[in-house]
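Q: My questions are about this predicted structure, shown below with the sequence.
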Amino acid sequence: MSTTNPNGLITRFKFQSLLRQDSAGRRIILKGTISGQPALLLVERAAFDIDPAYLNSFPRLVTHVNNLGDNDIYRWYMANSLPDGTLDQPTPPDLKLNLIYPCTEAHVAKYSFQQSRAVVETPEIYTKFVRPYMQRCREEGRLNWVFNIIEGRTEQENVLFRSEEADLKDDFLLLPDLNWDRKTIGGLHLLALVERRDLWSVRDLTRGDVAWLRHLRATLVKTVEGLYEGVEGDMLKFYVHYQPTYYHFHIHIVHVDLDPSATQGVGKAISLDNVINQLDTMSGALTGMADVDLMYTLGEASELWTKIFLPLKEGKVPKSTG
């Protein structure tokens, strides 16, 4: 078969069925024929051009920007970077944009490349240094956008489910994660935000929360199954982050086919089921995750590394982070 005219081969491809789509929607495999012979077409989004000339013009190349939502300084969009199609076959959005404006130096540090470090946070380190750091983050207003959602001021169009528990402190709401395109089921990624404010992270969970956590997990399974046809409970993974991005307890729910990323890896994600089982083996209702060592990874530009774990590594006493 001649390969001198690749465009001719592609244009002669007759689509029959979609064999597979990856969870992030970046790769599809199509089954079809060319001149009556079976053929497979594997399509993957190309890497971004990083030439400065292209990057300088990038904002002007983006068209048909549609708002997905906004809250405080965070905004999310779908957009096109490809030439316009026709009225019959419009060009589908190929970009998901997250805009942080105005951003802070902390945002810049978070999203810049930085060497990671594995640290072990003991109960003593947590109590003396990390907990005061969490307190300061909360007092600086970094959770305003979360409370805006919980209290019904923003993003209500994105709330998929709001529970009505017998005890109001047990209520939660369900939202799509910002990085999910809200269409690709294999990439399903949801967030469950609890309404109670006494839980800042997994560290605040105790043995006394086991029954509540099991009820919460079961309710989430039933809710997600009802929202998305074909999704069953054993197609879902539940985990929490430590350290989390923000200090208000929330649970990640993802489809098992979602491609594992750094946010699901060891040193970031902790299985909710493992947390529940670990708590259940503890003695005393008040014992909990604050009483165990936790290993996780930090970037060298993070405050937790520069202000706490680097000084500890150097044999110094960290300065107050409160």
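A: Thanks, I have it.
Q: So for the helix ranked longest in the chain, mean pLDDT?
A: Longest helix of the chain, by residue count under DSSP state H: helix 210-227. Taken as a whole, helix 210-227 carries a mean pLDDT of 97.
Q: how far away is the residue nearest to V62 when sequence neighbours are not counted from R26?
A: Closest residue to V62 apart from its sequence neighbours, by C-beta to C-beta, 6 or more residues apart in numbering: A79 at 4.9 Å. C-beta coordinates here come from the backbone N, C-alpha and C atoms, glycine included. Per C-beta to C-beta, to the nearest Å, A79 is found 16 Å from R26.
Q: Ok, Y74 next?
A: Separation of Y74 from R26 (C-beta to C-beta): 23 Å.
Q: cool, L199 as well?
A: Distance, L199 to R26, by C-beta to C-beta: 35 Å.
Q: thought G284 was touching R207?
A: Yes. Contact criterion C-beta atoms under 8 Å: G284 and R207 qualify, at 6.5 Å.
Q: which of these two has more neighbours?
A: More neighbours surround R207 than the other of G284 and R207, with 18 against 10 (other C-beta atoms under 10 Å).
Q: if I pick the more buried one, what's in contact with it?
A: Under the criterion of C-beta atoms under 8 Å, 6 or more residues apart in numbering, the contact list for R207 reads L279, D280, M282, S283, G284, A285, L286, T287, G288.
Q: Can you report how many residues lie near the last one?
A: Translated: G288. Residues lying near G288 (other C-beta under 10 Å) number 21.
Q: all numbers from here: first residue = 20
A: Sounds good: first residue 20 from here, last item G307.
Q: Mind pulling up the pLDDT for it?
A: 97.
Q: before we move on, back to that, the contacts of R226 into JSON lines, with extra columns for secondary structure and distance to P102?
A: Below are the contacts of R226 laid out as JSON lines (DSSP: H, G, I helix; E, B strand; the rest coil; distance: C-beta to C-beta, whole Å):
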{"residue": "L298", "secondary structure": "helix", "distance to P102": "55"}
{"residue": "D299", "secondary structure": "helix", "distance to P102": "57"}
{"residue": "M301", "secondary structure": "coil", "distance to P102": "60"}
{"residue": "S302", "secondary structure": "coil", "distance to P102": "65"}
{"residue": "G303", "secondary structure": "coil", "distance to P102": "65"}
{"residue": "A304", "secondary structure": "coil", "distance to P102": "63"}
{"residue": "L305", "secondary structure": "coil", "distance to P102": "62"}
{"residue": "T306", "secondary structure": "coil", "distance to P102": "61"}
{"residue": "G307", "secondary structure": "strand", "distance to P102": "56"}
